[in-house]
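> Kindly generate the corresponding structure for this input.
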Amino acid sequence: MKFLLAAALLGLVPALAQAQDLPPEIARSGTIKVAIVPNYPPMEFKDPATGELTGFDVDLGAALAKKLGVKIDWQETRFDQMMPALTTGRVDIILSGMSDLASRQEAATFVDYLRSGPQFFVRKARAAEFPEMKSLCGKAAGASRRTNFPKDIERWSEANCAGNPVKFVGTEGSADARTQLKQGRIDAAVQGSETLPYIMGLEPDAFAPVGDPIDTLYTGIAVPVKEVALQKALTAALDAIIADGTYKALLAKWQLSGNAVEKAAINQGR
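Numbers count the residues shown, from 1 in each chain. The predicted structure is shown next:
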């Protein structure tokens, strides 16, 4: 009995120690306000049956909060409102499948927790037309105009399609790109490699990937640049769930094992 009590008390030490290192307002309230846009499965979305938030980021947030000894207050918003919400203090962090890009690092520091990359895919019925990635040259490829994918596609096209570039078509998001692909308005689409296996699992006869990701990206937790204590606490909590196996189990649950990072990193995005 004494052994079990001692073990339980020891188990509380990391969470309590990290909670004390959090910014004073968060430590007092015991809550972290987190921006999320639940339209990017399997990272974050609404469960069709219950309407509840679910996805890898939601589970990851819960695991990190447990390590930190706090609760999460999810703040649903639009993609274009996440960074303003962070910089004005309406939320403490962003945990919503956000790519760590150098262009965003003036406004936020990113605690990177997932490796990703833009990947081409086509309708499965047309997969034979694209035996290699260069088969995409001269074709119309769609991707969300709100992401860095347009630049990634242009860069890949310049390097591989001399004189016959990929024709980029901007879409309102990844779901719109898939819709246009199904309708035959584009020949291929691009979205993050972290979401493609999940989408293909939902519609096994709809899509087929073409080649490998065309770049390496990192997904990170966005934290205000000035909040160094919060950055350090989140980094320690992420390393802790990597060490105890929680992170690995969550990756497996959401078909993201191939996107794992070995440890937390800061501002790895380009």
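> Endpoints of stretch 262-270, how far apart?
According to C-alpha to C-alpha, to the nearest Å, stretch 262-270 extends 19 Å from its N-terminal end residue to its C-terminal end residue.
> Just the residues contacting that stretch, thanks.
Around stretch 262-270, the neighbours that count as contacts under C-beta atoms under 8 Å, 6 or more residues apart in numbering are 99-102, 104-105, 109-113, 217-218, 220, 231, 234-235, 238-239, 242. The C-beta positions use only the backbone N, C-alpha and C, and glycine is treated the same way.
> Got a quick PyMOL command for the buried subset of these?
The command below creates a PyMOL selection of those among the contacts of stretch 262-270 that count as buried (16 or more other C-beta atoms under 10 Å):
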select buried, resi 99+100+101+104+105+109+110+111+112+113+217+218+220+231+234+235+238+242
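> Give me the subset of the contacts of stretch 262-270 lying in helices.
231, 234-235, 238-239, 242 (DSSP state H).
> Please report the distance of the nearest residue to Asp21 once chain neighbours are set aside from Ala264.
Computed as C-beta to C-beta, 6 or more residues apart in numbering, the closest residue to Asp21 that is not its neighbour in sequence is Ala233, at 5.2 Å. From Ala233 over to Ala264 the distance is 11 Å, taken as C-beta to C-beta, to the nearest Å.
> try Phe56
Phe56 sits 16 Å away from Ala264, going by C-beta to C-beta.
> Have a look at the two and say which one is more surrounded.
In this comparison of Phe56 against Ala264, neighbours counted by other C-beta atoms under 10 Å, the higher total goes to Phe56 at 26 against 21.
> which residues touch the more buried one?
By C-beta under 8 Å, 6+ apart, Phe56 lies in contact with 42-44, 250-251, 253-254, 256.
> can you tell me which of those residues are in helices?
Among the contacts of Phe56, the ones falling in helices (DSSP H) are 250-251, 253.
> still on that earlier bit, what is the most widely separated pair among the contacts of Phe56?
Largest separation among the contacts of Phe56 by C-beta to C-beta: Glu44 and Leu251, giving 15.1 Å.
> more crowded one of these two?
In this view Glu44 and Leu251 are compared by other C-beta under 10 Å, and Glu44 has more residues nearby, 24 against 20.
> how close does the more buried one get to Gly170?
If you measure Glu44 against Gly170 using C-beta to C-beta, the figure is 23 Å.
> my guess is Ala208 is in a strand, correct?
Yes. The secondary structure assignment for Ala208 places it in a strand, going by DSSP: H, G, I helix; E, B strand; the rest coil.
> and it, bridged to which residues?
Per DSSP bridges, the residues bridged to Ala208 are Val122.
> pretty sure Ala143 contacts Ile153?
Yes. Because the distance of 6.4 Å satisfies C-beta atoms under 8 Å, Ala143 is recorded as touching Ile153.
> what is in contact with these two at once?
Taking C-beta under 8 Å, 6+ apart as the contact rule, the neighbours common to Ala143 and Ile153 are 118, 168, 190.
> neighbour-wise, which of these leads?
Ranked by neighbour count (other C-beta under 10 Å), these have Val190 at the top, with 30 neighbours.
> show me what contacts the closest residue to that residue other than its chain neighbours?
Closest residue to Val190 apart from its sequence neighbours, by C-beta to C-beta, 6+ apart: Ala143 at 4.0 Å. With C-beta under 8 Å, 6+ apart as the criterion, the residues that contact Ala143 are 118, 149-150, 153, 168-171, 174, 177, 189-191.
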